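Novice: return atomic coordinates for the entry below.
(chains A and B)
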There are 2 protein chains.
Amino acid sequence: MIDAALDEELPPANERPAVLHRAIRYSVFSGGKRIRPILCMAAAEAVGGKAGDARFPALALELLHTYTLIHDDLPCMDDDDLRRDKPTCHIKFGEANALLAADALQAMAFGVLAKARLPSRYPPTALLTELAQAAGSRGVVGGQVEDLAAVGGRKLHAATVEFIHLHKTADLFRAAVRMGAIAANAGRKELQALTDYGVNVGLAFQITDDILDGGPLTGKKRRLDKSSCLAVYGPQDARQKAEVLVGRAVTWLQRLGNARIEPLRALAQFVIERVY
Amino acid sequence: MIDAALDEELPPANERPAVLHRAIRYSVFSGGKRIRPILCMAAAEAVGGKAGDARFPALALELLHTYTLIHDDLPCMDDDDLRRDKPTCHIKFGEANALLAADALQAMAFGVLAKARLPSRYPPTALLTELAQAAGSRGVVGGQVEDLAAVGGRKLHAATVEFIHLHKTADLFRAAVRMGAIAANAGRKELQALTDYGVNVGLAFQITDDILDGGPLTGKKRRLDKSSCLAVYGPQDARQKAEVLVGRAVTWLQRLGNARIEPLRALAQFVIERVY
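Specialist: Now for the predicted structure:
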């Protein structure tokens, strides 16, 4: 459902400039897990709405996430040649085109929000505010800058790891469930419970990412240089922390007190049990 | 007025991550002409509103423009060490931080639009739609990709130059006057006249940029490699083209039929008479 909607939203691959639209489609359809749009739609359902209520915010989240991956892979950032076993965007289309494809994806992420119609309980720009906060210097970008600053042998403190995980990752998870909930007319208490769910799941996701990156499964060039919670905790402690966070997320979910929380509960569990 | 509003909008330079917020402020306050926000506010006045009606779209335009300059200067793009006689953002703060500062500026450009309250004649997301179109793969980014593809000795056709000028530059000028006009409750005919004004002024601006870049005043590293209308027309013809465009822009302005068009008329003239 998400892939079909993304396909509908993106300009055709042969539209001028074709190299740009090919690069955009290459990165958007490169096998992502779609976890942020799924969380967004599941949050809409959890408050009694339909997945389709969250269509445009869900697309926005995946477009925004895709842009961050393209920029993260660039030579001046993580300098990765492969992502999900395929050449990264800049390897395939050149650095300048990759940089610009990502820039266009960010613009498109915001633009698609203009198509959403919000329930009257919320200001008509509520989704825009959520995404801009999560995406900006106090969100994903701020977390990424601290992440890069933490690379290179400097002693990493637990508080720095938490700042990085919170902003680099959890802010967008938080926005995902909030945007879905807002689009489906969530009440104040529902929105708060889902916000806390989102933060906890986001933190658990990033701990799991760090564990997976540190393991034998990855082929990333610079993984040993990257900031990781494994610089602060051992893998056992990290795994336990992730479990505690998921436990908290599920406790928050239960406050919603309805039967439609099962997908969100299963997603929280998936986040720490995944092997990719 | 614009600088004070930008200062108010941006996070303080010492907010964590400080290097990011310093880089953002460095680039935003580096002596830009502020022509896009000025056009936006002048358009609001031309349709009977106040400059303040266009405060948030004006800020959004300058934040977005600033991000494009930072990315344009990166090594994988124009590779410029200086902009307005000062070190470019990546020379001063490093490539990764410059890349990310620009990414945050784009998010902030969209986010600030959530603060604007639109007249009921327009959908509440009208400004978002305008900016996203101008900024995306069918706007500024599309123009930039074609611009880069045109570099490197390939024969440049007039139609390609027009595509580049239209999207790389005129789309944002068009958005600037439209957003100001929308924020100030422009009628349909007023909006159309200002749209045509904006496109013509934007095209004249870029021709003038190409002439200035090709002249002895510039110190840009790669100016001889860059696509320029001077590859298609001589400087005399280019100058005459710009004058014709400004003439057209002023004709469109006159259809507004009021006394408050003088600033927009003067701006159109400035665009081709400037020497910087």
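Novice: all helices of the stretch 101-250 of chain A, in order?
Specialist: A:126-135, A:140-149, A:158-164, A:171-183, A:188-214, A:235-254 (DSSP state H, counting those that start in this stretch).
Novice: okay, those helices in a markdown table with mean pLDDT, mean neighbour count and distance to A:V271 next?
Specialist: To be clear about C-beta, it is placed using only N, CA and C from the backbone, and glycine gets the same treatment. Shown next, in a markdown table, are those (pLDDT from 0 to 100; neighbours: other CB atoms under 10 Å in any protein chain shown; distance: least, CB to CB, whole Å):
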| stretch | mean pLDDT | mean neighbour count | distance to A:V271 |
| --- | --- | --- | --- |
| helix A:126-135 | 98 | 25 | 17 |
| helix A:140-149 | 96 | 25 | 18 |
| helix A:158-164 | 94 | 17 | 17 |
| helix A:171-183 | 98 | 29 | 9 |
| helix A:188-214 | 95 | 22 | 5 |
| helix A:235-254 | 96 | 17 | 7 |
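Novice: flag every residue of the stretch 151-276 of chain A that's near chain B.
Specialist: A:F163 (CB under 8 Å from any CB of the partner chain).
Novice: for chain B, give me its nearest residue in the stretch 151-276 of chain A.
Specialist: Minimum separation of the stretch 151-276 of chain A from chain B (CB to the nearest CB) falls at A:F163, amounting to 7.3 Å.
Novice: quick check, that residue in contact with A:V145.
Specialist: No - applying CB atoms under 8 Å as the test, A:F163 and A:V145 come out as separate, 10.4 Å apart.
Novice: what number of residues lie near the residue nearest to A:V161 when sequence neighbours are not counted?
Specialist: Closest residue to A:V161 apart from its sequence neighbours, by CB to CB, 6 or more residues apart in numbering or on different chains: A:C229 at 4.9 Å. By other CB atoms under 10 Å in any protein chain shown, 26 other residues sit near A:C229.
Novice: ok, now which ones touch A:C229?
Specialist: Listed by CB atoms under 8 Å, 6 or more residues apart in numbering or on different chains, the contact set of A:C229 reads A:161, A:165, A:206-207, A:210, A:238, A:241.
Novice: over to A:N258?
Specialist: A:N258 touches A:46, A:48, counting by CB under 8 Å, 6+ apart.
Novice: near chain B, anything from stretch A:114-126?
Specialist: Yes - using CB under 8 Å from any CB, stretch A:114-126 comes into contact with chain B via A:114, A:123-125.
Novice: quick one: end-to-end distance for that stretch.
Specialist: 11 Å (CA to CA, to the nearest Å).
Novice: buried stuff in it?
Specialist: A:114, A:116, A:118, A:122, A:124-126 (16 or more other CB atoms under 10 Å in any protein chain shown).
Novice: about what we covered before: can you lay out the residues of stretch A:114-126 next to chain B as a markdown table showing pLDDT?
Specialist: Shown next, in a markdown table, are the residues of stretch A:114-126 next to chain B (pLDDT from 0 to 100):
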| residue | pLDDT |
| --- | --- |
| A:A114 | 98 |
| A:P123 | 97 |
| A:P124 | 96 |
| A:T125 | 97 |
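Novice: ok, which pair from those is furthest apart?
Specialist: A:A114 and A:P123 (14.1 Å; CB to CB).
Novice: thought A:A43 was touching A:L264?
Specialist: Yes - using CB under 8 Å, A:A43 makes contact with A:L264 at a distance of 6.8 Å.
Novice: now the common contact residues for those two.
Specialist: A:V177.
Novice: hmm, back to that, quick one: which of the buried residues of stretch A:114-126 is nearest B:P37?
Specialist: A:T125 (19.9 Å).
Novice: how about the contacts made by that closest one?
Specialist: Neighbours of A:T125 in contact, by CB under 8 Å, 6+ apart: B:113-114, B:124-125, B:128.
Novice: likewise A:G111?
Specialist: Applying CB under 8 Å, 6+ apart to A:G111 gives the contacts B:128-129, B:131-133, B:135-136.
Novice: and it, what pLDDT?
Specialist: Per-residue pLDDT puts A:G111 at 98.
Novice: cool, and A:V275?
Specialist: At A:V275, pLDDT is 81.
Novice: run a quick neighbour tally on it.
Specialist: 7.
Novice: you'd agree A:L59 is up against A:L10?
Specialist: No - the criterion here is CB under 8 Å, and A:L59 misses it with A:L10 at 9.5 Å.
Novice: compare these two and say which one has the larger neighbour count.
Specialist: Neighbours were counted for A:L59 and for A:L10 using other CB under 10 Å; A:L59 has more, 25 against 20.
Novice: in three-state terms, label the more buried one for me.
Specialist: Assigned with DSSP: H, G, I helix; E, B strand; the rest coil, A:L59 falls in the helix class.
Novice: give me the neighbour count for the closest residue to A:A60 other than its chain neighbours.
Specialist: Using CB to CB, 6+ apart and skipping the chain neighbours, the partner closest in space to A:A60 is A:A109 (4.5 Å). Neighbourhood size, A:A109 [other CB under 10 Å]: 26.
Novice: which residues in the stretch 1-150 of chain A form strands?
Specialist: Secondary structure of the stretch 1-150 of chain A (DSSP state E, counting those that start in this stretch): strands located at A:82-83, A:86-87.
Novice: can you tell which of those is closest to chain B?
Specialist: Using CB to the nearest CB, the strands of the stretch 1-150 of chain A put strand A:86-87 closest to chain B, at 16.5 Å.
Novice: now the closest one: how far from the chain's centre is it?
Specialist: Taking CA atoms, centre = their mean, to the nearest Å, the mean C-alpha location of strand A:86-87 is offset from the chain mean by 20 Å.
Novice: give me the distance between the nearest residue to A:A158 once chain neighbours are set aside and A:K155.
Specialist: Excluding the flanking residues, the one nearest A:A158 by CB to CB, 6+ apart is A:V232, at 5.0 Å. To A:K155, A:V232 is 9 Å away according to CB to CB, to the nearest Å.
Novice: which one's more surrounded, these two?
Specialist: A:V232 (18 against 8).
Novice: if I look at the more buried one, how far off is A:A150?
Specialist: 11 Å.
Novice: overlap of the contact sets of the two?
Specialist: Contacts common to A:V232 and A:A150, judged by CB under 8 Å, 6+ apart, are A:156, A:161.
Novice: so how far is chain B from A:A44?
Specialist: In this view, A:A44 and chain B are 19 Å apart by CB to the nearest CB, to the nearest Å.
Novice: what sits against the closest residue to A:I272 other than its chain neighbours?
Specialist: Excluding its sequence neighbours, the residue lying closest to A:I272 (CB to CB, 6+ apart) is A:A242, at 4.6 Å. By CB under 8 Å, 6+ apart, the contact set of A:A242 is A:203-204, A:207-208, A:211, A:272.
Novice: then A:F173?
Specialist: Here A:F173 is in contact with A:36, A:39, A:198-199, A:201-202, A:205 (criterion: CB under 8 Å, 6+ apart).
Novice: 7 Å - rerun?
Specialist: A:36, A:39, A:198, A:201-202, A:205 (CB atoms under 7 Å, 6 or more residues apart in numbering or on different chains).
Novice: format the residues you listed as JSON lines; extra columns: distance to B:N97.
Specialist: Shown next, in JSON lines, are the contacts of A:F173 (distance: CB to CB, whole Å):
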{"residue": "A:R36", "distance to B:N97": "25"}
{"residue": "A:L39", "distance to B:N97": "30"}
{"residue": "A:G198", "distance to B:N97": "28"}
{"residue": "A:V201", "distance to B:N97": "29"}
{"residue": "A:G202", "distance to B:N97": "24"}
{"residue": "A:F205", "distance to B:N97": "25"}
